[in-house]
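>>> Pasted the sequence and its predicted model underneath.
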Amino acid sequence: MNVIETYASFIPLYAVLASLAAVPLILLSTRYPNLRETWTILAAAAKFLLVFSLVPNVLLGKSAVIVIMELSPGICFSLKADAFGVFFALIASGLWILTSIYSIGYVRGLNEKKQTRYFTCFAVCLSATIGIAFAANLLTFFVFYEMLTIATYPLVIHKETPEAISAGRKYLTFTLSAGVILLAAIGWLYSRTGNIEFSPGGIFDSSITLTNIDKILFILFICGVGVKAAIIPLHSWLPTAMVAPTPVSALLHAVAVVKSGVFGIVRIVGFIFGPYFMHQTGMDQLLTIIACVTIITASLIAFAQNNLKRLLAYSTISQLSYIVLGAALLSPASFTGGLLHLANHAFLKITLFFCAGAIYITAHQENISDMSGIGRAMPITMTAFTLGAFGLIGIPPLNGFISKWYLGLGALEASKPLVLIVLLVSGLLNAGYFFPIIYRSFFSVSPKHNHYKEASPLLLIPLVITAVFSFVLGLFPNLLLHLFDMATTISHSVIGVTIK
Amino acid sequence: MISNNIPVLIPLTFLVTAILIVILGSWRRFFVHPLAILGTAFSFVVSLYGLTTVLSSGTIRYHIGGWIPPIGIEYVLDPLSACIATIVCGVALLVLIHSRVSVESELPEKVIPFYAIAMLLLLGLTGIVVTGDLFNLYVFLEISALSSYAIVSVGEKRAPVAAFRYLLLGTIGATFYLLGIGYIYLLCGSLNMADVSKLLAASQINPALVVGIVLMIAGIGLKMALFPMHGWLPDAYSYAPSSGSALLAPIGTKVAAYALIRMVVYVFPSEYVQKDLPILDILAWLSAAGILYGSVMAIAQSELKRMLAYSSIAQIGYIGLGIGLGNALGFIGAILHILNHALMKATLFLVAGNLRLKIGHSSLYQFESVIGRKLPWTSAAFTIAALSMIGVPPTAGFFSKWYLVLAGIEGSRWFFIAVILISSLLNAVYFFRVLEKMYLHVHPKEDNTEMKVAERDEVPASMLIPTLVFAGLILLFGLFNVAIIDWVIKPMILSNP
């Protein structure tokens, strides 16, 4: 177990509270949309800056800690901004700024009702996400995890159509069931070891005898967080939730919910159970198999989708398991690759969803078969889409290539060459379902799309930023956010071996 | 000096207030409600003072008439009874503040009897809590029961029938209890709780004792609506007037639960209830059955108060389960849930009362306009209470379940853990259904007619403020549950000889 240096600071708490503080302001400004939206943007900027200010210390190996109060005798509600927490929080808060700008364009473009509820819930969701990122122990994590479930529900049912409401019910069924399983698992772990603090490298070491019962405990944990992480067979809420407005899908699928799920899995694998436990009980094999099955199966199902958002949903399910795979292989390169993919997939997927939303707003099309020639009407959008798709396929010099490269290296380090084959096949499958979209949009001809123009700047600028950033991150992985350095630091703390 | 009299002041205030309400109320109806509030507030302040005194200086004992126990009747304020008395008086105070407009609108010609009987109900309930004598408990049990029958009977059309059924079953329960203490008296020669507990500890278990113990527990269990003796509850809570249900539901069954805890943990020696007779085990199993039964039946209801009534049966099950698990964590979970459920159910029934005032009914499928828009604060309070019932952190409801789950893990009772967790999901089903009905414009699955968007028409402040205070307390007591455990609940465990 590696010891991190800690120092007391209020900044993690302020980062969590920044958007909660905006909630009453948003509610009060309901009659003044521009003022209301200003609060959202201000809160997002504040949050990002607060999280960013933690980066230098984290790179030096120091984590900000704050103990808020005792939640249960012996267990505190506490936040710790360690490298992994800051890594995730940075991505979440940075992308929230862009999603907020995009949301403003989107909901106004569609003249959606209930905009105040929308922006309020977004703010609460982001608070919960940062809370998940900075949670120092499993109980704090659980509080924010459930808060995220409740806060995202009104966003999923936003349109209030019968499909939306039934999608919301399915979403709650999956996430609340996972929540109770997670609660039982946390209680059991607490009873078993008396310790539910996140520690790099895990809390199990050779002094604890491991039995078969502990395997069940691990599986319960994975089921508990696996629903949000959309591992098969716990994934089916995700495509159904596509009925939400596109910025919500972008947020759920790039930033908040699903990334919280895989964040949870990596926390559990690397910071609770640890490499020793995983190797001893063979759970690393199990998780690797689950991840590979998810990667391949979800990509295959994506082929059959005509609705663009559903295709992107299945693509997300597949890509999330890259991160799970990186954690499961438990080698330095694979762990780094998984973490980088957490960041890279966020940027790439959000680009794709932004494009899907822009197409929906201008051309009112949701199905790929109706998108012939749209690339010529909306060249910027579709170029961004192409960049995003290439990144997910893993074509250099986009950032997706780097995370896949490290995952491949990690597979070899962990002596699992079959995983390499899975990665290659999945890359081909991704190409298989993305290329037709790109081809059709640029090279097919359809008269009805001729008179469309690009979407409004509020929609266009965020998607250009994310697309370009993905490209630039591929060339300079450490640019601006020091993501690569943080990923290697985290890897090192969990697995314990330095990598170049 | 006053502190020695606290145990008797708490119930006595209600008796005096009841008489004053009748006398002064017949002269001027204006006096009725303020008198009720004053009396309850006084009792609440006294119980709070009593709680702080007990926690700092130890148990207070009061001998009625100066007669020394075990001949005389003794009132005892120890951490457990002080805590429950405070909860009862505090909840009653807020509910009675809320009740002014509600009672005026639902029972305009029965205001004086309602408040007088409400005071007698509180007399009975607080009397049960502070008394240290087994027969005296029976007296107060009957006082509270008769008052509750009366309160239930002035409700809707079907209320008298519901009240009569409650009367029949309640009398049977009380009689069981009376028979039980009869056996105990014959065997021990004493009716004082502390005395009986010493005498029982010194003797051996014998068939007569078994009968006595079982009868007492059965009697209290019926009052508590422990499964399968819950049959009186749904009708009684649904048909009682709104303020009546709001008084009965949060505190009535809790006081019976308190009596059960008092018997099982403090009076009966622990070998009797754990090794010689599997009482705690049976209690746990019956509670688990109640939890599942109540949750499932609640899903099938279309009227809010009836749904909450079945939900109460389930929640009593949590308390019973906590006791039945038999370890310290279970005890903590049970006591915490007594507090938390009182707050949650009070909020929920006050919301039902608010709905009845503004739209005339609380049937879920007959909402014509969007309640979330019409009664936004009421709906917000309902949402917080609903999340707490489901067990979403950091509301209070989550923490009681957390401790119960930990208690179950400690005793390796996996089935009970599963029951607790599954019931959380079942709670989510019926509460989210209500939230959907309250907030959404379109009815899912049924005809897609839009609901009318009504103007905001929130209930008056005297009704809204208690509702919101309860909702706020749910959050507060959730976050600060450790303070409650450390200062109030742990002394209860330590004071158990």
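Arrived safely. Numbering: from 1, shown residues only, chains lettered A, B, ... in the order given.
>>> Counting neighbours, which bits of stretch A:375-388 end up buried?
A:375-378, A:380-388 (16 or more other CB atoms under 10 Å in any protein chain shown). From N, CA and C alone the C-beta is placed, and that goes for glycine too.
>>> quick one: contacts of that stretch?
The contact list for stretch A:375-388 (CB atoms under 8 Å, 6 or more residues apart in numbering or on different chains) reads A:348-349, A:351-352, A:354-355, A:358-359, A:362-363, A:374, A:398, A:437-438, A:441-443, A:449-455, A:460, A:463-464, A:466-468, A:470-471.
>>> Out of those residues, which end up buried?
Using 16+ other CB under 10 Å as the burial test, those include A:348-349, A:351-352, A:354-355, A:358-359, A:362-363, A:374, A:398, A:437-438, A:441-442, A:449, A:452, A:455, A:460, A:463-464, A:466-467, A:470-471 as buried.
>>> In helices, which of the contacts of stretch A:375-388 appear?
Judged by DSSP state H, helices contain the following of the contacts of stretch A:375-388: A:348-349, A:351-352, A:354-355, A:358-359, A:362-363, A:374, A:437-438, A:441-443, A:460, A:463-464, A:466-468, A:470-471.
>>> Counting neighbours, what do you get for the residue in the stretch 301-450 of chain A positioned nearest to chain B?
Here the residue of the stretch 301-450 of chain A nearest chain B is A:Glu366; by CB to the nearest CB that distance is 20.8 Å. For A:Glu366, the count of nearby residues is 17 (other CB atoms under 10 Å in any protein chain shown).
>>> and if you look at B:Val54?
25.
>>> Near chain A, which residues of chain B? Just list them.
Within chain B, the positions near chain A by CB under 8 Å from any CB of the partner chain are B:387, B:390-394, B:398-399, B:401-403, B:405-406, B:409-410, B:417, B:421-422, B:424-425, B:428, B:432, B:436, B:440-442, B:444-445, B:448, B:479-482, B:485-486.
>>> Which ones among the residues you listed map onto helices?
The helices, defined by DSSP H, take in B:387, B:390, B:398-399, B:401-403, B:405-406, B:409-410, B:417, B:421-422, B:424-425, B:428, B:432, B:436, B:479, B:481-482 from the residues of chain B next to chain A.
>>> Separate out the buried members of these.
Buried among those by 16+ other CB under 10 Å: B:387, B:390, B:398-399, B:401-403, B:405-406, B:409-410, B:417, B:421, B:424-425, B:428, B:432, B:436, B:479, B:481-482.
>>> how much space between B:Val255 and chain A?
Distance, B:Val255 to chain A, by CB to the nearest CB, to the nearest Å: 27 Å.
>>> List the contacts of the closest residue to that residue other than its chain neighbours.
Residue nearest to B:Val255 in three dimensions, not counting chain neighbours: B:Leu125, with 4.7 Å by CB to CB, 6 or more residues apart in numbering or on different chains. The contact partners of B:Leu125, by CB under 8 Å, 6+ apart, come to B:Val88, B:Phe140, B:Ser144, B:Ile251, B:Gly252, B:Val255.
>>> The second one - how many residues pack around it?
A total of 22 residues lie near B:Phe140 under the criterion other CB under 10 Å.
>>> Then the fourth one?
When neighbours are counted by other CB under 10 Å, B:Ile251 registers 30.
>>> just the first one next, same as before
By other CB under 10 Å, 27 other residues sit near B:Val88.
>>> Check the last one too.
The criterion is other CB under 10 Å. On that basis, B:Val255 has 26 neighbouring residues.
>>> That one against B:Val130, yeah?
No: here B:Val255 lies out of contact with B:Val130, judged by CB atoms under 8 Å, at a distance of 10.8 Å.
>>> Provide a list of residue ranges in the stretch 351-497 of chain B with pLDDT below threshold.
B:441-454, B:495-497 (pLDDT under 70).
>>> Is any residue of stretch A:143-151 near chain B?
Yes: judged by CB under 8 Å from any CB, stretch A:143-151 and chain B are in contact via A:Val143, A:Glu146, A:Met147, A:Thr149, A:Ile150.
>>> typo on my end, stretch A:114-126
No: remark: stretch A:114-126 sits outside contact range of chain B, by CB under 8 Å from any CB, the gap being at least 9.1 Å.
>>> What residues sit buried inside that stretch?
A:114-126.
>>> Report the secondary structure element holding the most centrally placed residue in chain B.
Of all residues in chain B, the one closest to the mean position by CA atoms, centre = their mean is B:Ile251, 2.6 Å from it. Counting by DSSP states H and E, the element that carries B:Ile251 is helix B:242-261.
>>> residues contacting the nearest residue to A:Phe52 once chain neighbours are set aside?
Nearest non-adjacent residue to A:Phe52, counting by CB to CB, 6+ apart: A:Leu90, 6.6 Å away. Counting by CB under 8 Å, 6+ apart, A:Leu90 touches A:Phe48, A:Val51, A:Phe52, A:Val55, A:Leu481, A:Leu483.
>>> My read is that the second one contacts A:Phe88, right?
No: the pair A:Val51 and A:Phe88 fails to qualify as a contact (CB under 8 Å) at a distance of 9.5 Å.
>>> What separation is there between the residue in the stretch 1-150 of chain B positioned nearest to chain A and B:Leu339?
Proximity to chain A, evaluated over the stretch 1-150 of chain B using CB to the nearest CB, is greatest for B:Pro79 at 17.0 Å. Relative to B:Leu339, B:Pro79 is positioned 13 Å away (CB to CB, to the nearest Å).
>>> Pull the contacting residues for B:Ala342.
Applying CB under 8 Å, 6+ apart to B:Ala342 gives the contacts B:Ile87, B:Val91, B:Pro250, B:Ile251, B:Lys254.
>>> low pLDDT regions in chain A?
A:1-4, A:447-451, A:496-500.
>>> what does it put close to chain B?
Residues of chain A lying near chain B (CB under 8 Å from any CB): A:69-73, A:77, A:142-143, A:146-147, A:149-150, A:157, A:160-162, A:165-166, A:169, A:172-173, A:176-177, A:180-181, A:183-184, A:187-188, A:190-191.
>>> Restricted to strands, list the residues you listed.
Judged by DSSP state E, strands contain the following of the residues of chain A next to chain B: A:Met69, A:Glu70, A:Leu71, A:Ser72, A:Phe77.
>>> starting at the chain centroid, how far to the helix or strand of chain B at the bottom of the mean pLDDT ranking?
Lowest by mean pLDDT, DSSP states H and E among the helices and strands of chain B is helix B:270-271, with a mean of 76. Relative to the centre of its chain, helix B:270-271 is centred 27 Å away, using CA atoms, centre = their mean, to the nearest Å.
>>> So which residues of chain A form strands?
Under DSSP E, chain A gives strands at A:5-8, A:62-72, A:75-81.
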